[in-house]
Each structure stands twice: as C-alpha cells, then as structure tokens.
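Quick one: sequence plus predicted model below, questions after.
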Amino acid sequence: MNQTPQSRVFSRGSYSEALRIGAILRKETVGGALLVAAAVIALIWANSPASDSYFALRDLKFGYEPWHLELSLGAWAADGLLAIFFFLVGLELKREFVAGDLREIKKSIVPVAAAAGGVVVPALIYAAINLTSPETLRGWAIPTATDIAFAVAVLAIIGSHLPSALRIFLLTLAVVDDLIAISIIAFFYSTDIQVTPLLLALIPLGLYAFLAQKYRHFFGRKAAAAWLILLPLGIVTWALVHASGIHATVAGVLLGFAVPVIRSQAGGGPGAGPGLAEIFEHRFRPISAGIAVPVFAFFSAGVAVGGWSGFVSALSDPVALGIIVALVLGKPIGILGTTWVLTKATRARLDDSLKWIDIFGVALLAGIGFTVSLLVAELSFGLGSPHDDHAKVGILAASLIAAVLATLVLTSRNRYYWQAEELEKVDADQDGIPDVYQGRP
C-alpha cells in the first residue's frame, strides 16, 4: 500500500533566500552589539554619581508645541527614531510574504502561528501574575516582542552556525511579533484619538504610496530623489499620525507597507534585480541598526536601580516578576508548544537535520525582549515612573537570562549546525552558485 509522504517543517528553503537572510543577520549583528553597548552605558551612567545629568539629558525638551512636537529627547527617540526601525519591519514583512520563501502558506503557517503563540502565552502569564492589580495589568503587552538585533548579537558571540531554516524561523518570529506588538500599541495604547489629523495623514501617505509604486525604478536608481521627495512625505505622515494620538511608530509600518517589493516591467521586471523595498532596506538598515535603535536603547534602558536592595525591591514588583516569567518561560512555551501542536495536527515532522531541542533553543532566544518591550513599558506606565523602572529591570534581567539559557542549548548543538551548513554549501555548489555569493573567498 502506498503511503502519503509526510510534509516537513524547517526544511531547507531556497539557497538565495538563505543568503539574503544571512546578509540581514550579519548587519543586525553589528546593530545588536551597538544596542547592548548603548544599554550598558546608560545603566552605568544612570547609577553613577553623575546620574542627574543623564536624566536631565533624557528629559530635555525641544520642538514646536503647536504641532504637538515639543518632546523630550527620550520621547523623540521612542516616537521618532523607532519609526525608522518599524519602517524596516514593514519592509521586511512585506518582502517575506510577497517575494520571500514565506509567500507559500505551507512555509509561513508554522512561523506565523509560532509567533502568535509566543505573543499570547507570555501575555497570559503576565496577566495572571498581575490579575489583582489593574494598575500593573496595563503592561500585559510588554513581554510580547522579540529583539532580533539583540538575539543575533548573542548568536554572533557564541559563534553558532544556526541552519538557514532556523535563521529564517527566528527572523520571521521577530518580524511577526513586532507587527503584532505595534498593532497592540495602535489599538490598546493609543489615547484621545483625533480624527482630523488621522484623516489628513492619509493624504501624504497616499501620495507617498502612489509615487513609490509609479516611479519605483526612478527612486531605486536615484537615491537623492527618494530623500528629497519621499522622505518629506514620510515625515509629514509621521507628524500627523503622532498628532492623532496613535503612536507615531505605526506610521513607519504603514510607510514600509506602501513600498513596492517587485520591480516593474519598465524597470526590467522581477528578474532584473532587487525591488524598491529591498533597496530601501539596504539604505535604511544601517541608520536603524547603527543610530536609531542604539539611541533609543540609550535613553530608554537607563534606570536607577538603587543598588542590590533596589534590585531586590524591583524584582518583588509583580510587573518585573511577570515580565521575567513571561519572557523566560512563556516565550519558549508559546513558540515550542504551538509548533508541536501544528506538527501533530498536520502530521508533519521536523526535517531530518533538526531536533526538537533546536526549536527549543531558538524559542529561548526569542525570549530576549528589549527594544519593543522597553517602548511598551513606557507607554504602559509613563517614562520614569516606578513601575516603568521596575519593568525595565525585569526586561533587562529576563533578556539576560534568556540569552544565557539559549547559549547553553545552542552551543551544545553547534557541531550539528556546522554539519548542516556544510550540506547547504554542497547544495549551492551543485546548483552552480558561485562561491562569491556564498560568502566564501
């Protein structure tokens, strides 16, 4: 009797996609190192004898008040610079589902569902711990996001040869739960919505989308044109969304979604080279990873712990406790549990080159919640409030614990990952892909 072959999850995708993901992660490695360095500097400064100067700098205000843009440096970093980060989130998500390997439902269903599980379970755990306190319950979304730059920095430090299938899984997890997090911010953390500026924002956004679609080849060739024409439209869109009461980072995602992924026929068609989304990603990723996110981390991660007694006091707050348990336990339970249920429901099985401990290691790594978690903490409790400070302690502690645990698991599997990487290179040689495109001399 003929048996229907089982489908596999986390099997190797196209090698071109693996190369693209690898290039992105190499850039995120540098960004992750800068992110960690900025956070460490902020923590040291905020707990030094010169701490007053740090908080004075963070709270220094400037801007044009009639346009609701008189903000502190910390708020400019959260509302303005992070919009660049979320612009890249929008670009990457659209790229993955329009032209990447994940455009196929059978390949995208597992990481998308796992990302959803990695959002729901931590939120439920945090809510359960803070159920009796309506004031702290507001922070339920803090442990929902994964910081891909921080996670990739950990991979770089431990030298893990993580297979491309798991790298794509990790990147998709981070992008999807970032999108879920920004959707949560838009729906649950937006207050006093002003309809007029929100409707007015549709005008520059629509014009931006029209020009980007109509003249994609022109903006791809002429970098100056994109800066002089599209960037001002993006800034106006951002300012109007900010004035509407919706968090301004939502504007970044919308602008990213408006950029076309595939080249037009006038530009030579899909086979003629990267589309405008990939070109913009290449241009903006160094700004995001090298400036925007580290500066945000510098102004957001600085918290006066108050010595060991202050640290213990912070951990006794259900806010910090809920965040630590949700990120360290909830994330891997949600991701691993959802993936396991899907494989059982669809009778699929893991690729022969992987084991469940590999998925567990990546799920632990996803417990590194930093950038978006810090943002949601500020939106939940207010910058510099006691609960916000305790939330930051919880986020930092949880991210460190998750990083250590993931390092222990993935390091133990490094020899197997190296063997899988060699198989991928053999596949590339058989497909006739030149060594220069494989990152080899």
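Structure received.

which stretches of this protein have low pLDDT?
Residue ranges of the chain with pLDDT under 70: 1-29, 100-102, 159-160, 263-273, 351-353, 419-441.

so where do the helices sit in the stretch 201-350 of the chain?
216-221, 223-225, 231-244, 249-257, 276-287, 293-301, 307-316, 318-325, 331-346 (DSSP state H, counting those that start in this stretch).

out of those, which comes closest to F188?
helix 249-257 (12.2 Å; C-beta to C-beta). Heads up, the C-betas are built off the backbone N, CA and C, glycines and all.

Give me the angle between that closest one and helix 231-244.
Put simply, helix 249-257 runs at 140 degrees to helix 231-244, going by axes from the mean of the first three to the mean of the last three C-alpha atoms, to 10 degrees.

So what touches helix 249-257?
With C-beta atoms under 8 Å, 6 or more residues apart in numbering as the test, helix 249-257 has contacts from 78-79, 82-94, 179, 182, 185-186, 201, 205, 208, 234, 237-238, 241-242, 277, 375.

how long is stretch 223-236 end to end?
20 Å (C-alpha to C-alpha, to the nearest Å).

let's number from 26 now, not from 1
From this message on, residue numbering opens at 26, which makes the last subject stretch 248-261.

Name the residues of it that are buried.
A251, I254, L255, L258, G259, V261 (16 or more other C-beta atoms under 10 Å).

Contacts for that stretch, please.
112, 229-230, 232-233, 236-237, 243-244, 276, 280, 305, 308.

ok, 7 Å please
P229, L232, Y233, L236, A237, F243, F244, L280, R308 (C-beta atoms under 7 Å, 6 or more residues apart in numbering).

can you put the helices of the stretch 226-375 of the chain in TSV and add distance to A431?
Output for the helices of the stretch 226-375 of the chain, formatted as TSV (distance: least, C-beta to C-beta, whole Å):
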stretch	distance to A431
helix 241-246	38
helix 248-250	38
helix 256-269	35
helix 274-282	27
helix 301-312	24
helix 318-326	20
helix 332-341	21
helix 343-350	15
helix 356-371	9
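
Which one, of the ones you listed, ends up nearest to A190?
helix 356-371 (12.5 Å).

so what secondary structure elements neighbour the closest one?
Packing partners of helix 356-371 (3 or more C-beta pairs under 7 Å, 6 or more residues apart in numbering; DSSP states H and E): helix 130-154, helix 381-390.

Okay, angle between the last one and helix 356-371 too, please.
For helix 381-390 against helix 356-371, the angle between stretch directions is 140 degrees (the same axes, to 10 degrees).

Going by neighbour count, which residues of helix 381-390 are buried?
Buried, per 16+ other C-beta under 10 Å, within helix 381-390: D383, I384, F385, G386, V387, A388, L389, L390.

and if you look at the first one?
Within helix 130-154, the residues scored as buried using 16+ other C-beta under 10 Å are 132-133, 135-144, 146-148, 150-152, 154.

now stretch 217-224
P222, L223.

What of stretch 322-336?
Buried residues in stretch 322-336, counted by 16+ other C-beta under 10 Å: A322, F323, F324, S325, A326, G327, V328, A329, V330, G335.

Determine the number of other residues adjacent to A124.
18 (other C-beta atoms under 10 Å).

wait, isn't it in contact with V286?
Yes - between A124 and V286 there is a contact under C-beta atoms under 7 Å: 5.2 Å.

Okay, the spatially closest residue to L301 that is not a sequence neighbour and G259: tell me how far apart.
Distances taken as C-beta to C-beta, 6 or more residues apart in numbering put R241 closest to L301, at 4.4 Å, once the chain neighbours are dropped. In this view, R241 and G259 are 16 Å apart by C-beta to C-beta, to the nearest Å.

repeat for H186
38 Å.

swap in A138?
Per C-beta to C-beta, A138 is found 32 Å from G259.

which residues in the stretch 76-225 of the chain form strands?
For the stretch 76-225 of the chain, applying DSSP state E, counting those that start in this stretch gives strands covering 86-87, 96-97.

Show which residues not belonging to the last one make contact with it.
To tie it back to what came earlier, the one meant is strand 96-97. R83, D84, L85, K86, G88, D104.

Name the strands paired with that strand and say parallel or antiparallel.
Strand 96-97 has the following strand partners under DSSP bridges: strand 86-87 (antiparallel).

Other residues contacting the strand it pairs with?
Here strand 86-87 makes contact (C-beta under 7 Å, 6+ apart) with E95, L96, S97.
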